[in-house]
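[1] for reference, the sequence and a predicted model appear below.
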Amino acid sequence: MMKAVETDLLVIGGGATGAGVAWDAASRGLQVVLADRGDLATGTTGRFHGLLHSGARYAVKDPRSARECAAENRILRAVAADCIEDTGGLFVSTPADDAAYADGFVAACQQAGVAATEVPVTEVLRAEPHLCPGITRAFAVPDATIDAWKTVWACARAAAAHGAAILPYQEVVRLMVEGDAVCGAVLRHARSGEEITVRARYVVNAAGAWAGRVARLAGCDVAVVAGKGVMVAMNHRLVNAVVNRCAMPGDGDILVPVRTVSVIGTTDARVEDPDRVQASADEVRAMLAAGESFIPGFTQHRALRVWAGVRPLFAATSPTSAETRDLSRGHTVIDHAAREGVGRFITIAGGKFTTFRLMAEETVDAVCADLGVRAECRTAAETLPDSEERHYYWIGARQAQAEARPVDDPLVCECELVSRQDLLVAAARRPGLDLDDLRRALRLGMGPCQGGFCMARATGLLHEAGHLDRAAANAALRDFVEERWRGIQALAWGDQLRQMRLDAWILLGVLDLEHLPE
Amino acid sequence: MDPSARMAGNDRAAADVVVIGAGTAGLVAAIRLSQGGLRVRVVAAGHGCLVLAPGVIDVLGYAPERVADPARALAPFVAAHPDHPYARVGPDGLDRALAWFRETVAPLGYVGALRHNRLLLTALGGLRPSCLVPQTMAAGDLSQGGPVLVVGFHGLRDFSPALVAANLCAVVPAPGTGVAARAATLEWPGPSGDGRPLTLARRLEDRSLRAAVGRDLRTVLGDEPRVGMPAVLGVDRWQEVWEEMQLVAGRPIFEIPLVPPSIPGLRLFDLLRRVLRAAGGRLQVGAPVTGVRHRNGRVEAVTVARTPREQVIDTRWVVLATGGVGGGGLQVDPDGTVREPTLGLPVHGVPVPGHPRVLPDPFASHPLDRAGLAVDEAWRPVDRSGRVVALNLHAAGAALTGCEPWREKSGEGISIATGYLAASAILEEAG
Ligand SMILES: Cc1cc2nc3c(=O)[nH]c(=O)nc-3n(C[C@H](O)[C@H](O)[C@H](O)COP(=O)(O)OP(=O)(O)OC[C@H]3O[C@@H](n4cnc5c(N)ncnc54)[C@H](O)[C@@H]3O)c2cc1C
Ligand SMILES: Cc1cc2nc3c(=O)[nH]c(=O)nc-3n(C[C@H](O)[C@H](O)[C@H](O)COP(=O)(O)OP(=O)(O)OC[C@H]3O[C@@H](n4cnc5c(N)ncnc54)[C@H](O)[C@@H]3O)c2cc1C
């Protein structure tokens, strides 16, 4: 007999949107199950650019999105402060940008309620010495950076505190339909293959770029277009604030400081299969060249890692062009009862990370209306776990923690300052997790050495603590090397290649990983 | 002289040979040249890979199957890889170079033979082939299997005895053999530490801390005839530490190499430096070479970046031993161009534009990995058409084309053999 679970609401997809829906619904008193086929935040959410939009980027082209971002930016700063670093943002006109755009930009920001103030160029250059000295104008906006992993887990923990069940590594393989309504789903565990059924009074499809596939399981047709975006992490914090080019949105025009690195992005190209996205060497070169236009000497810095994410863009009708940037970045709550006559089933499509809370609110409003539940949304006022004190994250936090660390708690990862204790606590918190989950949880191996030193250390510790058996430890190390290679393959030159060679000497030479017993 | 005139000019020095680079290849060449009676100056930007590497001398470990007998495997290997440095080195050259090396570093007591690859325990519990090993690793050849006690230290971050022993129990050194391994962990000696191998190695040089470790060790001993420990048994006073621990254990102890920085590597580097000094050679570290001056097809001087002014060293011969991509001897541009940045020498074996430089499988043999300098029979770099670049310019070590030592397990073997033979070519010419 297949194991069966009953619940009010099944949420499919544990990205920002799904986690937000779970948090919102659970806090309104619904019984919630949240399932993702992988770990939480491993879809687009875990591969985004890291920017909590002020709305300025959309002010000219998409005022509605701009207004939504501006409002959500204010709310998230209040409820998710621990996930946010208040870097501030800048829009700069480089010599290559049309100076007239700036006037329209300011007016549009004003209209959309985005605070944009012009700052003297000399002042900006003092604060951001790497910036192109030829910039002609600069505007400060309340952009910030936000940690996807922390945010999603904070939402999940908040949901769990309201009684929700969080089920990572559970893929929805079938939707159950009874009469004219969806009544649950069959979930298959990604590792064991074991299946369970979840009977639910309502199902929300928050599968992002995969939402079209999930909708099809109930015979519904949702045209979600996957738009690939490439990002490259550089090994320094080249800027202190988020820097945007003050021009019509284009490729490689935003540089985001993320902890110890900075990330340039991004591109936008339609892809058929959201599971098969790779950044090409040409795209990387294009990104670096774009960086050169506002950070002179950009290409001389070491590129650490490249990755791609897929935007879930919703098209009312399937677009044919390869260009997806013109599709709306807005979101749509699709009620399949009205659309195809399939009840108790909603797809939430499109949107941005910045607006995940709003998307969740609108979705759960619709669910509640349908179920006849009268409960107000509380997420605009309920602070997330660890954000109660409303302190922003700051770049020195890990350093301060490391300095306060007892001397007998040695560092496992020097780049990201992760200690032995940090690792063991994280492992104990989530039994059954793998090295890759931990890597995301702690940013282990994400710094300049890219795991060359720390992964073998971490594996040994986890084995000793009983979290990984021998074969799993070896497999985890090999997986890690392969995973990391995907992110650096396209960057085989300069100092990065030098680091890759050193890592090859350590992992293949000294440790001879390739010939470890299975 | 008027001091301002001096400031404007440059420092001048002279040598018979300038060796660029202080890695294995550079130091080996410099020692041999000094022993041959030439005045040698080694100028190096940094310390090279020696202090990172575990101090074991790999000759040929995989081709691509595991090699049991490098002497025998050499001929088919160079037949399959005609551009490999070993094709020029030859079996006789390798033999002479390694014999010379063992004698030169006698105080470290290197053991091993070209006819037999030892199977060394890795810090993850796998086995890896290597040819010559220092005395402290001599008892660690596991090619016949047998019981082993693996001893670590609480808090030492690069060594997990439990994982090492677990993996070791699963390896098959040779058909029908196996290793019965058991793990034990000793207390970190003295006040709690930072988990670094170097800190621990220094602690073990302290007699009373060492005595405590010895007492601890005695309590974990069993029937195993040998004990493996991480390579932290002393830095300068390793002999004393290692011998005393063996005495306590009443059985051989072998060191297991760790990830960088490497203590056995430090010992080897330190010894080579002392041997060089004793032979009359000079070593300048922190001295990047910026170029050379040519005249009539020969190099007549080497320029070195120094503050406040550049140094010019007049010389009769130059040995370029600046290493591979890791050492800074080769550089790759974003467009895939590979450069020899110090002297701008022609680089061979570069993947043609439009072809992949690296492959999707991290463990694969990547097209870019074999790029490097090609040399003539006197170890002089040549251009595409095989013409010598300069009559008195020689090259050795990881900068050479045709090899991928971290996969073949041939790193120090190539550096020692080519450093030795490049020096021999110069000595022959010097008469
Ligand atoms: C390159 C790029 C940069 C971006 N930068 C920013 C930015 O700086 N700021 C910003 O605000 N927004 C940004 N965005 C947009 C933002 O990242 C996304 O809109 C947002 O993360 C989408 O979240 P989501 O939860 O809807 O989707 P996802 O995070 O993709 O979540 C969907 C989840 O569904 C799961 N799933 C799929 N199929 C199944 C199934 N059958 N069963 C169970 N689970 C399933 C997937 O595993 C996945 O975890 C960026 C997007 C891209 C592509
Ligand atoms: C982590 C690691 C582990 C290893 N493990 C093993 C092993 O187990 N077994 C094995 O056999 N081999 C091993 N090796 C390989 C071995 O150490 C190297 O292959 C070999 O020593 C290369 O030596 P080299 O002298 O050619 O170059 P390097 O050691 O790279 O030395 C190059 C030298 O040139 C200098 N230099 C570069 N450019 C300039 C310039 N312009 N001016 C002046 N100086 C310059 C550098 O500063 C340095 O001193 C390992 C290497 C590493 C990094």
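    Done, it's in. Ligands and ions are numbered 1, 2, ... in the order given.
[2] can we go C-alpha only for contacts and neighbour counts from here?
    Noted.
[3] and the stretch 351-500 of chain A, which residues reach ligand 1?
    Counting by CA under 6 Å from any ligand atom, the residues of the stretch 351-500 of chain A close to ligand 1 are A:Gly351, A:Lys352, A:Phe353, A:Thr354.
[4] make a PyMOL selection of whichever of the residues you listed turn out to be buried.
    The PyMOL selection below is limited to those of those classed as buried (16 or more other CA atoms under 10 Å in any protein chain shown):
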select buried, chain A and resi 351+352+353+354
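[5] how about the residues of the stretch 351-500 of chain A next to ligand 1 in JSON lines, adding pLDDT?
    Below are those laid out as JSON lines (pLDDT from 0 to 100):
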{"residue": "A:Gly351", "pLDDT": "91"}
{"residue": "A:Lys352", "pLDDT": "94"}
{"residue": "A:Phe353", "pLDDT": "97"}
{"residue": "A:Thr354", "pLDDT": "98"}
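[6] which residue sits closest to A:Thr44 in space, ignoring its chain neighbours?
    Nearest residue to A:Thr44 in three dimensions, chain neighbours excluded: A:Gly309, at 5.3 Å (CA to CA, 6 or more residues apart in numbering or on different chains).
[7] does the host helix or strand of that neighbour reach ligand 1?
    For A:Gly309, the host element (DSSP states H and E) is strand A:303-314. Yes. Using CA under 6 Å from any ligand atom, we find that strand A:303-314 touches ligand 1 at A:Ala308, A:Gly309, A:Val310, A:Arg311.
[8] which one of those residues is nearest to chain B?
    Closest approach between those and chain B, by CA to the nearest CA: A:Ala308, at 16.0 Å.
[9] count the neighbours of that closest one for me.
    Other residues near A:Ala308 come to 24 when the count uses other CA atoms under 10 Å in any protein chain shown.
[10] I'd guessed it sits against A:Arg47; true?
    Yes. Assessed by CA atoms under 8 Å, A:Ala308 is found in contact with A:Arg47 at 6.7 Å.
[11] and the pLDDT for the residue of the stretch 101-250 of chain A found nearest ligand 2?
    Closest to ligand 2 within the stretch 101-250 of chain A is A:Asn235: 21.0 Å, counting by CA to the nearest ligand atom. pLDDT, A:Asn235: 86.
[12] residue contacts, it?
    A:Asn235 makes contacts with A:Thr260, A:Val261, A:Ser262, A:His301, A:Arg302, A:Ala303, A:Leu304, A:Gly447, A:Pro448, as judged by CA atoms under 8 Å, 6 or more residues apart in numbering or on different chains.
[13] from ligand 2, how far off is the fourth one?
    Remark: distance between A:His301 and ligand 2 (CA to the nearest ligand atom, to the nearest Å) = 20 Å.
[14] count of neighbours near that residue?
    15.
[15] what does chain A put close to ligand 2?
    Close to ligand 2, as judged by CA under 6 Å from any ligand atom, chain A has residues A:Leu502, A:Trp505, A:Ile506, A:Gly509, A:Val510.
[16] near chain B, which of these show up?
    A:Leu502, A:Trp505, A:Ile506, A:Gly509, A:Val510 (CA under 8 Å from any CA of the partner chain).
[17] quick one: the third one and A:Glu195, what's the gap?
    Relative to A:Glu195, A:Ile506 is positioned 41 Å away (criterion: CA to CA, to the nearest Å).
[18] now swap in the first one and tell me
    From A:Leu502 across to A:Glu195, the span is 44 Å (CA to CA).
[19] can you pull out the helices in the stretch 301-431 of chain B?
    Applying DSSP state H, counting those that start in this stretch to the stretch 301-431 of chain B gives helices spanning B:405-408, B:411-430.
[20] determine which of those approaches ligand 1 most closely.
    Checked against CA to the nearest ligand atom, the stretch from the helices of the stretch 301-431 of chain B lying closest is helix B:405-408, at 35.5 Å.
[21] poorly predicted segments of the stretch 1-150 of chain A, please.
    Flagging of the stretch 1-150 of chain A using pLDDT under 70 yields the residue ranges A:1.
[22] in it, what residue is nearest chain B?
    Closest point on the stretch 1-150 of chain A to chain B, by CA to the nearest CA, is A:Arg47, at 20.2 Å.
[23] so who does the closest residue to that residue other than its chain neighbours touch?
    Excluding the flanking residues, the one nearest A:Arg47 by CA to CA, 6+ apart is A:Gly309, at 5.2 Å. Going by CA under 8 Å, 6+ apart, A:Gly309 touches A:Gly43, A:Thr44, A:Arg47, A:Phe48, A:Lys228, A:Gly229, A:Val230, A:Val277.
[24] weed out the non-buried ones from those.
    A:Gly43, A:Thr44, A:Arg47, A:Phe48, A:Lys228, A:Gly229, A:Val230, A:Val277.
[25] let's see which of those end up in helices.
    Among the buried ones among the contacts of A:Gly309, no member falls in helices (criterion: DSSP state H).
[26] ok, back up a step: elements contacting the helix or strand just after the strand holding A:Gly309?
    Heading C-terminal from strand A:303-314, the first helix or strand you meet, by DSSP H and E, is strand A:331-335. Using 3 or more CA pairs under 8 Å, 6 or more residues apart in numbering or on different chains; DSSP states H and E, the elements in contact with strand A:331-335 are strand A:345-350, helix A:356-371.
[27] just how off-centre is strand A:331-335 within its chain?
    Mean-position distance between strand A:331-335 and its chain equals 21 Å (CA atoms, centre = their mean, to the nearest Å).
[28] and for stretch A:195-208?
    The answer for stretch A:195-208 is 22 Å, by CA atoms, centre = their mean.
[29] pLDDT of it, averaged?
    pLDDT averaged over stretch A:195-208 gives 98.
[30] A helix includes A:Leu5, no?
    Heads up, residue A:5 is Val, not Leu. No. Per DSSP: H, G, I helix; E, B strand; the rest coil, A:Val5 lies outside any helix segment and is strand.
[31] how about A:Cys377, secondary structure?
    coil.
[32] can you list the domains in chain B?
    Domains of chain B are assigned by automatic domain parsing as B:3-106+B:267-430, B:138-256.
[33] ok, which of those domains comes nearest B:Arg115?
    Of all the domains of chain B, it is domain B:3-106+B:267-430 that lies closest to B:Arg115, at 4.8 Å by CA to CA.
[34] is chain A within reach of that closest one?
    Yes. Under the criterion of CA under 8 Å from any CA, chain A is reached by domain B:3-106+B:267-430 at B:53-54, B:325-328, B:331-334, B:336, B:357-363, B:406-407, B:409.
[35] filter these down to the buried ones.
    B:53-54, B:325-328, B:331-332, B:334, B:336, B:357-359, B:362-363, B:406-407, B:409.
[36] so which of the residues you listed reach ligand 1?
    Within these, nothing lies near ligand 1 by CA under 6 Å from any ligand atom.
[37] list the contacts of A:Gln421.
    Here A:Gln421 is in contact with A:Asp409 (CA under 8 Å, 6+ apart).
[38] secondary structure class for B:Met229?
    strand.
[39] what about the residue lying closest to the residue of the stretch 101-250 of chain A closest to ligand 2 once chain neighbours are set aside, how many residues nearby?
    Closest residue in space to A:Asn235, ignoring its immediate chain neighbours: A:Val261 at 5.0 Å, by CA to CA, 6+ apart. By other CA under 10 Å, the residues close to A:Val261 number 19.
[40] bridge partners for A:Val261, pull those for me.
    A:Val258 (DSSP bridges).
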